[in-house]
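Participant: Below: sequence and its predicted model.
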Amino acid sequence: HRPTTSLPEQQMMLDKKLIFVFGCQRSGTTATIDGLKQVDDLRVFDEDNQLTNRYHQRYDKGLALRLKPLEELRDVFAECQERTLVVKPLVESQNANSILEFFETAVGLWLFRDFRDVVCSMLEKWGDRVGMTPLESIVQRRQGDWRSEKVDDATREFVKATMDRLPLSPADAAALFWYLRNLHYFRQGLDRHRRVRLIDYAQLVSDPRLLPQVLGELGMGIDVPPGIYHRNSVAKGRDLAIHPIVRQLCDDMFGRLQLVAGF
């Protein structure tokens with residue numbers, strides 16, 4: 001149930017253009033956000049604004065990662081002077097459909113990237129436990145942990161069986177985490193959602209016109225500056241060793257994502 005919103009607040013929200021950026025971590029979302037920060041009359045909400053933001057609640061050792069209740073977010077957004085607002089709630093990607101249902105005029109971008117490149121980036125940034133920790137959270141059904149949220153019983157059993165039967169390396173575990181995060185895109189039916197677009201990071205790198213084009217299709221005429229994506233970030237993980245079973249799983253998911261994105 002949504003609390004009653006005053007007419008002035010309703011009008012202010014109707015005048016806003018909301019863009020939510022979803023996907024798996026290390027998939028090019030930071031570069032996208034950094035580019036959008038250079039656009040005039042546009043307000044970006046992301047994880048970097050830890051000390052002063054009003055749209056996150058404290059979580060995970062005091063870090064502000066989880067979104068506040070959507071009713072509170074609506075009030076925060078209504079008070080913003082900027083007409084176009086961009087929000088990067090990656091840890092809420094499993095709730096993308098609910099967020100877009102609440103904000104009925106918002107649009108969503110779901111970015112994805114080659115799993116091998118993502119795994120390399122994850123391991124470099126967060127260390128060897130980056131994949132195993134979320135897998136353990138999923139199997140143990142840890143309450144309040146975004147990594148195990150909205151994972152159904154069949155998927156949970158699959159993760160448990162994989163962990164029991166395969167000698168997962170750090171790269172294997174991180175690749176499986178990549179698979180599970182992108183599985184939420186299909187499980188929520190976002191491939192059929194008229195206000196969501198799936199974008200391949202490699203295509204963003206090769207075609208600087210793609211992001212403005214996609215935003216234009218969604219009714220968001222934004223002139224994003226070129227040069228925000230770097231070619232040296234593509235194919236960094238081409239020689240990464242991943243267990244054949246995990247690799248096949250990720251290859252299938254990657255192909256499915258590319259197909260929807262129009263590769």
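Facilitator: Looks like it came in fine. Residues are numbered from 1 along each chain as shown.

Participant: and residue 118, that's in a strand?
Facilitator: No. Secondary structure assignment (DSSP: H, G, I helix; E, B strand; the rest coil) places residue 118 in helix, not in a strand.

Participant: Give the residue spans of this protein that score low on pLDDT.
Facilitator: Low-confidence regions of the chain, defined here as pLDDT under 70, cover residues 1-14, 48-54, 58-64, 263.

Participant: quick one: the helices in it?
Facilitator: Taking DSSP state H, the helices of the chain run over residues 7-14, 29-36, 70-79, 96-102, 115-126, 132-140, 153-165, 170-187, 201-206, 210-217, 244-261.

Participant: between those helices, which gets nearest to residue 195?
Facilitator: Judged by CB to CB, the one of the helices of the chain that comes nearest to residue 195 is helix 96-102, at 6.0 Å. Yep, even glycine has a C-beta here, placed from its N, CA and C like the rest.

Participant: contacts for the closest one?
Facilitator: Contact with helix 96-102 is made by 2, 20, 22, 67, 70, 74, 89, 92, 106-108, 110, 184-185, 188-190, 193, 195-196, as judged by CB atoms under 8 Å, 6 or more residues apart in numbering.

Participant: Just the buried residues of those.
Facilitator: Neighbour counting with 16 or more other CB atoms under 10 Å marks 20, 22, 67, 74, 89, 92, 106-108, 110, 184-185, 188, 190, 193, 196 as buried within the contacts of helix 96-102.

Participant: Taking those residues together, which two end up most distant?
Facilitator: By the measure CB to CB, the buried ones among the contacts of helix 96-102 have their two most distant members at 74 and 185, which lie 24.5 Å apart.

Participant: Tell me the one of the buried ones among the contacts of helix 96-102 nearest residue 46?
Facilitator: Nearest to residue 46 among the buried ones among the contacts of helix 96-102 is residue 89, at 8.8 Å by CB to CB.

Participant: Make TSV out of the helices of the chain and add distance to residue 45.
Facilitator: TSV is the format used below for the helices of the chain (distance: least, CB to CB, whole Å):
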stretch	distance to residue 45
helix 7-14	15
helix 29-36	9
helix 70-79	8
helix 96-102	13
helix 115-126	21
helix 132-140	24
helix 153-165	30
helix 170-187	20
helix 201-206	21
helix 210-217	17
helix 244-261	25
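
Participant: Can you say which of these is nearest to residue 46?
Facilitator: For these, the distance to residue 46 is smallest for helix 29-36, at 5.1 Å, taking CB to CB.

Participant: Any chance you could give me that closest one in CSV, C-alpha atoms only?
Facilitator: Provided in CSV are the C-alpha atoms of helix 29-36 (Å, rounded to 0.1, in the frame of the first residue of the first chain):
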residue,chain,number,x,y,z
THR,A,29,27.9,0.8,-14.8
THR,A,30,30.4,3.0,-13.1
ALA,A,31,31.7,4.3,-16.4
THR,A,32,28.1,4.9,-17.5
ILE,A,33,27.3,6.9,-14.3
ASP,A,34,30.5,8.9,-14.6
GLY,A,35,29.6,9.9,-18.1
LEU,A,36,26.1,10.9,-17.1
